[in-house]
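J.: here is the input, now give the coordinates:
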Amino acid sequence: IIPDESAPYIKSAGAVDTKVGSMNKTYNYIHKAFVKYPSSGMCPGGDSGQSLPYTVTTNEPNMQLSKGGYVGYKFVRVREEGVGYTAYTYTNAQDFPLPSQVFMHPFQPAPDYDYKRGLLLKKQVYDERGFKLEETENIYNYDYAKDSVGVSYVHSSTPCAWASLYSSYEMYQAGIPSSNPCNVQGAKYCGSEGVAPFSFMPEELVASWATLESTKKTEYFYEGTTPEVTETLTEYDYNDTNYQIKSERKIVNEGTQTNTYETRYEYPVGSYTASLFDPVTEQPVIAQMKNTYNIINKPIVITRLKNQRPLQRVVNKYSNFSGFPQIKEVESIKDITAQGEDRVFFGSYDPVGNPLEVSLVKNTTNETNKGAAVCYIWGYNETLPVAKIEGIANYAAMVSALPEGLIDNIKYASNHLTYNEANLKTHLATLRSTLTEAMVTTLIHDPAKGVKEVTDPKGDFFTYDYDNLGRLKWVKDRDGKFVSENFYHYRTE
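T.: Presented below is the predicted three-dimensional model:
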């Protein structure tokens, strides 16, 4: 039942994908066996054995999931007193029910429909008067990608009294029973001789994905009770190899004018503009990213357009650092038919992939024409920056200007097993006092919460404190005065 949009509250709209009247797995089956009754000494059924019917009830849920939960809600409404409410519509098991045989013995493996459920179809925002302020509608392709990822095997067996007489499959093949309570004469097989009374049938495992094809957002701006309406339609295309967004088109209706904004993404897979990359030094690195390291989801070209007119193209160029592809420069091209104008150049990396030297290049025909570099020192087991040095020629020049071993001492004092904050502060002070011609910013962290202290190039420092939940409580300057202070309350307080 679709709820009334004007009604502030709705009834439950949950759905469970299961067999009616049976939330747990319950089934009947026939077991064939040779049964000898002590009172009479008889074995009913002769050489065929006796059929014994069973009803089995288990505690195993006979239900399938919707976004990780058994109950999937179609309609949800969130109300905030004095503000209004937001209505959500989702896909659930009502839209994509599983085949009935999944819920009946022998309980065949269920196809994966979970990826189709729990997707937001519509979002509507209303104010306290019931006036609609915003509406978002999503359209999906529910079968965009289906990849075979493996095979599972479904077990089935043939009811057969003779199977219970053998202790192993080898004894069954040989026709030598290990027990014979009814003294049945001669070896028997369950079907053809030497054929097992059970089977395992292959079942393909498929990974599927539903893609968001378009989003239509309508906004309502009121002058009195008559709204002015603005519509934005965003359409998505995807790369068929890595399933990332290939293009995003945003069509904006603003009064009488319609503008189309588009962003296109190119990756190491799915074709890219090869002319932007040097065939000797850069294209082989892209091939290495794809074939050796499976780096296929990082955009290497991003192009932005307005009404089909190019606005900007950003080209990410990679190179080998210690044998591993890392970004070397970011080239910005305002007129996509021209050469790059401004570039961010990455001069070097540490062994774990942290950038050590970054600079701006103004002239793409001369890489030596770089501006002053920004250099970094990484600590806390190479996970967080402890120093940022600006206005120095390059990382090598910075290292040569420092006392021998200072960088190693900074790292040692900040690492987990050898952490000593007092020593770390001393070494960072030495760094600042040595590089007097550069602008040095140093940082001390609490890795579990956030930055604890920042000292800027002027020598002023700020300290940060956090509560037990890791939320920022306050920031103080070097004189201990509050720069900012945060208070957190629950809504009911």
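
J.: what number of residues lie near Thr241?
T.: Neighbour count of Thr241, defined by other CB atoms under 10 Å: 14. Just so you know, the C-beta spots here come from the backbone N, C-alpha and C atoms, and that holds for glycine as well.

J.: just checking, what packs against the longest helix along the chain?
T.: Using DSSP state H, we find that the single longest helix of the chain is helix 421-434. With contacts taken as 3 or more CB pairs under 8 Å, 6 or more residues apart in numbering; DSSP states H and E, helix 421-434 sits against strand 384-392, helix 406-414, strand 439-446.

J.: could I get the ones you listed as CSV with mean neighbour count?
T.: Formatted as CSV, those follow (neighbours: other CB atoms under 10 Å):
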stretch, mean neighbour count
strand 384-392, 19
helix 406-414, 19
strand 439-446, 19
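
J.: pipe the ones you listed into CSV and attach distance to Ala15 per row.
T.: Shown next, in CSV, are these (distance: least, CB to CB, whole Å):
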stretch, distance to Ala15
strand 384-392, 46
helix 406-414, 53
strand 439-446, 45
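
J.: now tabulate the ones you listed in TSV and tack on distance to Lys32 and mean pLDDT.
T.: TSV is the format used below for the helices and strands packed on helix 421-434 (distance: least, CB to CB, whole Å; pLDDT from 0 to 100):
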stretch	distance to Lys32	mean pLDDT
strand 384-392	68	95
helix 406-414	72	97
strand 439-446	68	97
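
J.: before we move on, the earlier item: now do the buried residues in the longest helix of the chain.
T.: Buried residues in helix 421-434, counted by 16 or more other CB atoms under 10 Å: 424-425, 427-428, 431-432.

J.: which of these sits closest to Ala397?
T.: Nearest to Ala397 among those: Leu431, at 14.4 Å, using CB to CB.

J.: the closest one contacts Leu402, doesn't it?
T.: Yes - applying CB atoms under 8 Å as the test, Leu431 and Leu402 come out as touching, 7.0 Å apart.

J.: helices along this structure, start to end?
T.: Under the criterion DSSP H, the chain contains helices at 169-174, 283-291, 395-401, 406-414, 421-434.

J.: could I get those as JSON lines with distance to Val386?
T.: Below are those laid out as JSON lines (distance: least, CB to CB, whole Å):
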{"stretch": "helix 169-174", "distance to Val386": "65"}
{"stretch": "helix 283-291", "distance to Val386": "30"}
{"stretch": "helix 395-401", "distance to Val386": "14"}
{"stretch": "helix 406-414", "distance to Val386": "6"}
{"stretch": "helix 421-434", "distance to Val386": "7"}
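
J.: by mean pLDDT, show me the worst of those helices.
T.: Lowest mean pLDDT of these: helix 169-174, a mean of 79.

J.: can you pull the buried residues of it?
T.: For helix 169-174, the neighbour count (16+ other CB under 10 Å) marks Tyr172 as buried.

J.: just the CA coordinates for that helix, please, in CSV.
T.: Provided in CSV are the C-alpha atoms of helix 169-174 (Å, rounded to 0.1, in the frame of the first residue of the first chain):
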residue,chain,number,x,y,z
TYR,A,169,32.0,-45.8,-0.1
GLU,A,170,34.8,-48.2,-0.9
MET,A,171,33.0,-51.1,0.9
TYR,A,172,29.8,-50.1,-1.1
GLN,A,173,31.7,-50.3,-4.4
ALA,A,174,33.1,-53.7,-3.4
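
J.: from the buried residues of helix 421-434, which is closest to Glu453?
T.: Out of these, the member with the shortest distance to Glu453 (by CB to CB) is Lys425, at 8.2 Å.

J.: that closest one reaches Leu443, doesn't it?
T.: No - counting by CB under 8 Å, Lys425 stays clear of Leu443, with 11.3 Å between them.

J.: quick one, what contacts Lys36?
T.: Residues near Lys36 by CB atoms under 8 Å, 6 or more residues apart in numbering: 42-43, 181-182.

J.: do a quick rundown of the strands in the stretch 251-400 of the chain.
T.: Ranges of strands within the stretch 251-400 of the chain are 257-266, 301-306, 309-321, 324-333, 342-349, 355-361, 373-379, 384-392, based on DSSP state E, counting those that start in this stretch.

J.: can you put the ones you listed in a markdown table and add distance to Tyr142?
T.: Shown next, in a markdown table, are the strands of the stretch 251-400 of the chain (distance: least, CB to CB, whole Å):
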| stretch | distance to Tyr142 |
| --- | --- |
| strand 257-266 | 23 |
| strand 301-306 | 28 |
| strand 309-321 | 33 |
| strand 324-333 | 35 |
| strand 342-349 | 40 |
| strand 355-361 | 41 |
| strand 373-379 | 45 |
| strand 384-392 | 42 |
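
J.: out of the ones you listed, which is closest to Pro99?
T.: Smallest distance to Pro99 across the strands of the stretch 251-400 of the chain (CB to CB): 37.6 Å, for strand 257-266.

J.: quick one, that closest one and strand 301-306 angle?
T.: For strand 257-266 against strand 301-306, the angle by axes from the mean of the first three to the mean of the last three CA atoms, to 10 degrees is 170 degrees.

J.: show me what strand 257-266 is packed up against.
T.: Using 3+ CB pairs under 8 Å, 6+ apart, strand 257-266 sits against strand 245-254, strand 301-306.

J.: 10 Å instead, please
T.: Under the contact definition 3 or more CB pairs under 10 Å, 6 or more residues apart in numbering; DSSP states H and E, strand 257-266 sits against strand 226-238, strand 245-254, strand 301-306, strand 309-321.

J.: now do the shared contacts for Leu431 and Leu402.
T.: By CB atoms under 10 Å, 6 or more residues apart in numbering, Leu431 and Leu402 have these common neighbours: 377, 389, 410.

J.: the second one contacts Thr436, correct?
T.: No - judged on CB atoms under 10 Å, Ile389 makes no contact with Thr436 at a distance of 11.6 Å.
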